[in-house]
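Need coordinates for the following:
(chains A and B)
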Amino acid sequence: MTKVKIYVTLRESVLDPQGSAVQGSLVKMGYNEVQDIRIGKYLEVVIGDTERDLDSLVKEMCEKLLANTVIEDYRYEVEEAN
Amino acid sequence: MKFAVLVFPGSNCDIDMYHAIKDELGEEVEYVWHDATDLSEFEGVLVPGGFSYGDYLRCGAMANQSNVMAEVKKFAEAGKPVLGVCNGFQILTEAGLLPGALLKNKNLKFMCRTVGLKVENNDTLFTNQYEAGQIINIPIAHGEGNYFCDENTLAQLKANNQIVFTYSGENPNGSLEDIAGIINERGNVLGMMPHPERAVDALLGSGDGLKVFKSIVKMWRESHVS
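Numbering: from 1, shown residues only, chains lettered A, B, ... in the order given. Coordinates of the predicted model:
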């Protein structure tokens, strides 16, 4: 078994109104250091035995369903599970 | 003319769409479940609003993976009319049948009210019954109707007159260039956030949406005169 941690975030060119709202709240709370917030999604995908190359498998799943590359970028980390 | 109204788990404007076609337009219509694999008996496909698959992951993302959407892609490739409203618009962008994507409304709120729409292009399969530049009143009901595309796509949309409806007056969701509805390059797939099927009778507040459906039928009749 392999655990893949996938992060899906809005592309830099896309405004993130949720992130802006949260940033506004933090600044209002006095955290004036906060300059920008981008909110994304985090997915943990557990993959069983496969003959396929893991990278190509994960990329395919990201591009076909998990991310919309018109508006989102994705990256992932592979973790061997016990 | 026979229409299919697609039904996904979580669709909730399918009955309004059915009513608009059957009772107001007076044409044939059937509900088609998301796992259907044949649309050959239909002449038009309507993808209704709602929250297919609970809007999980992204609006329209999982609906796009259903059996019926593979058929809708073939249907569109054959040049037949496909109209997506609200969640239907989101599904059509996820399917790649229309460019761009729908983001969360800029003010982060679900907006539900009647808005003014300007008919930017009345030379389409879906808008030929309107006047150019006509302002019509159609309700919106969405949390993610903020249309976005990259600069090149926007330039193409403009060059090909693919922007069909824009918000007149206040833009309710922050969409690029006030875009409310776009058509594909070929002109047979329209996606729009406002709900024409909820504006088909003055009793319901506005009858302005009915001409979207009348336009489709008129074009179909003209191309099928025996």
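
burial measure for A:Asn68, as a count.
For A:Asn68, the neighbour count with other CB atoms under 10 Å in any protein chain shown is 23. Every residue, glycine included, has its C-beta placed from N, CA and C.

residue contacts, it?
B:58, B:61, B:94, B:101 (CB atoms under 8 Å, 6 or more residues apart in numbering or on different chains).

Phi, psi for the last one please.
Okay, so that is B:Ala101. B:Ala101 adopts backbone torsions of phi -160, psi 160, taken as degrees, to the nearest 10.

any low-confidence regions in chain A?
Applying pLDDT under 70 to chain A flags residues A:81-82.

how about it, which residue sits the furthest from its center?
A:Gly30 (27.7 Å; CA atoms, centre = their mean).

Please enumerate the strands of the chain.
Since you didn't name a chain, this refers to chain A. A:2-10, A:40-47, A:72-80 (DSSP state E).

I was thinking of chain B, sorry if that wasn't clear
Going by DSSP E, chain B shows strands at B:2-7, B:28-33, B:44-47, B:82-85, B:101-103, B:111-119, B:135-142, B:146-148, B:163-168, B:179-183, B:189-192.

Does anything pack onto the first one? Which helices or strands?
This means strand B:2-7. helix B:14-19, strand B:28-33, strand B:44-47 (3 or more CB pairs under 8 Å, 6 or more residues apart in numbering or on different chains; DSSP states H and E).

For it, list every residue counted as buried.
For strand B:2-7, burial by neighbour count (16 or more other CB atoms under 10 Å in any protein chain shown) applies to B:3-7.

ok, which of the contacts of A:Asn68 also contact chain A?
B:58, B:61, B:94, B:101 (CB under 8 Å from any CB of the partner chain).

related to what we said a few turns ago, next up, phi/psi of the residue farthest from the centre of chain A, please.
Taking degrees, to the nearest 10 as the convention, A:Gly30 sits at phi 110, psi 0.

any idea how far chain B is from it?
Remark: distance between A:Gly30 and chain B (CB to the nearest CB, to the nearest Å) = 23 Å.

and the longest helix for chain B?
The longest helix of chain B (DSSP state H) is helix B:210-223.

Could you list the alpha-carbon positions for that helix in PDB?
Provided in PDB are the C-alpha atoms of helix B:210-223 (Å, rounded to 0.1, in the frame of the first residue of the first chain):
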ATOM      1  CA  LEU B 210     -39.100  30.900 -22.900                       C
ATOM      2  CA  LYS B 211     -37.500  32.400 -26.000                       C
ATOM      3  CA  VAL B 212     -34.300  30.400 -25.300                       C
ATOM      4  CA  PHE B 213     -36.300  27.200 -25.900                       C
ATOM      5  CA  LYS B 214     -38.400  28.700 -28.700                       C
ATOM      6  CA  SER B 215     -35.200  29.700 -30.500                       C
ATOM      7  CA  ILE B 216     -33.900  26.100 -30.300                       C
ATOM      8  CA  VAL B 217     -37.200  24.700 -31.700                       C
ATOM      9  CA  LYS B 218     -37.300  27.300 -34.500                       C
ATOM     10  CA  MET B 219     -33.800  26.500 -35.700                       C
ATOM     11  CA  TRP B 220     -34.600  22.700 -35.500                       C
ATOM     12  CA  ARG B 221     -37.800  23.100 -37.500                       C
ATOM     13  CA  GLU B 222     -36.100  25.200 -40.200                       C
ATOM     14  CA  SER B 223     -33.400  22.600 -40.700                       C
END
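
Of all the strands of chain B, which one is nearest A:Thr69?
Comparison of the strands of chain B against A:Thr69 by CB to CB identifies strand B:101-103 as nearest, at 9.7 Å.

Now do that closest one: which elements does it pack against?
Using 3+ CB pairs under 8 Å, 6+ apart, strand B:101-103 is in contact with helix B:87-94, strand B:146-148.

Out of those, which gets nearest to A:Lys41?
Per CB to CB, nearest to A:Lys41 of the helices and strands packed on strand B:101-103: helix B:87-94, 15.6 Å.

Reformat the buried residues of strand B:2-7 as JSON lines; add pLDDT.
As requested, the buried residues of strand B:2-7 are arranged in JSON lines below (pLDDT from 0 to 100):
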{"residue": "B:Phe3", "pLDDT": "98"}
{"residue": "B:Ala4", "pLDDT": "98"}
{"residue": "B:Val5", "pLDDT": "98"}
{"residue": "B:Leu6", "pLDDT": "98"}
{"residue": "B:Val7", "pLDDT": "98"}
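
Many thanks, I have nothing further to ask.
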